[in-house]
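> model this:
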Amino acid sequence: MSELIEINIINSIAIFSASAIPIYLSCKLKGNLQKLTILVGIFAITHAIYHTTEVFGFEEIAENIIEPLSVLVLVVFGFWYLRIRSVRRATV
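Residues are numbered from 1 along each chain as shown. Predicted coordinates for the structure are as follows:
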């Protein structure tokens, strides 16, 4: 087994495990914070799927579909955070 495959296996396990926290929190939280944690959870899951698909040898799918999708989710998270922050500043 190559070193890159081992690293991707470890990364996918770690990221899938870490995605449990925002998923759990999104069930407990309400409002805008719930939406933010859902986006973080979706990002973590798609990023873990990226590493998993690379392990199984689907580099083209991982690089051309899943990686841009996870980046898109992260960018949406950033815009959503800025939107919430600007609304809060306007009301203060």
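> okay, CA-based contacts and neighbour counts for the rest of this
Noted.
> from F77, how far out is the spatially most central residue of the chain?
Residue closest to the average C-alpha location in the chain (Cα atoms, centre = their mean): F43, at 1.4 Å. To F77, F43 is 9 Å away according to Cα to Cα, to the nearest Å.
> could you do A90 as well?
Counting by Cα to Cα, the gap from A90 to F77 is 20 Å.
> the more surrounded of these two?
F77 (20 against 8; other Cα atoms under 10 Å).
> for F56, what are phi and psi?
Main-chain dihedrals, F56, degrees, to the nearest 10: phi -80, psi 0.
> neighbouring contacts of stretch 69-80?
L36, L39, V40, I42, F43, A44, T46, H47 (Cα atoms under 8 Å, 6 or more residues apart in numbering).
> so who does the fifth one touch?
It refers to F43. Neighbouring residues of F43 by Cα under 8 Å, 6+ apart: S70, V71, V73, L74.
> any chance of those in CSV, plus secondary structure?
Shown next, in CSV, are the contacts of F43 (DSSP: H, G, I helix; E, B strand; the rest coil):
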residue, secondary structure
S70, helix
V71, helix
V73, helix
L74, helix
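> make a ChimeraX selection of the buried ones in those residues.
Remark: buried members of the contacts of F43, expressed as a ChimeraX selection using 16 or more other Cα atoms under 10 Å:
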select :70,73,74
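> what ranges does the protein have for its helices?
With DSSP state H as the criterion, the chain has helices at 3-18, 20-28, 32-55, 59-61, 67-91.
> against I84, how distant is A90?
Computed with Cα to Cα, the distance linking A90 and I84 is 10 Å.
> repeat that for I65.
I65 sits 29 Å away from I84, going by Cα to Cα.
> what does I42 give?
Taking Cα to Cα as the measure, I42 falls 19 Å from I84.
> using CSV, write out every CA atom in stretch 63-76.
This file holds the C-alpha atoms of stretch 63-76, laid out as CSV (Å, rounded to 0.1, in the frame of the first residue of the first chain):
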residue,chain,number,x,y,z
GLU,A,63,-10.5,16.0,-8.2
ASN,A,64,-13.1,17.3,-10.7
ILE,A,65,-16.4,16.9,-8.9
ILE,A,66,-16.1,16.3,-5.2
GLU,A,67,-13.2,18.7,-4.3
PRO,A,68,-14.9,21.7,-6.1
LEU,A,69,-18.1,20.7,-4.4
SER,A,70,-16.5,20.8,-0.9
VAL,A,71,-14.9,24.2,-1.8
LEU,A,72,-18.2,25.5,-2.9
VAL,A,73,-19.8,24.5,0.4
LEU,A,74,-17.0,26.2,2.3
VAL,A,75,-17.4,29.4,0.3
VAL,A,76,-21.2,29.3,0.9
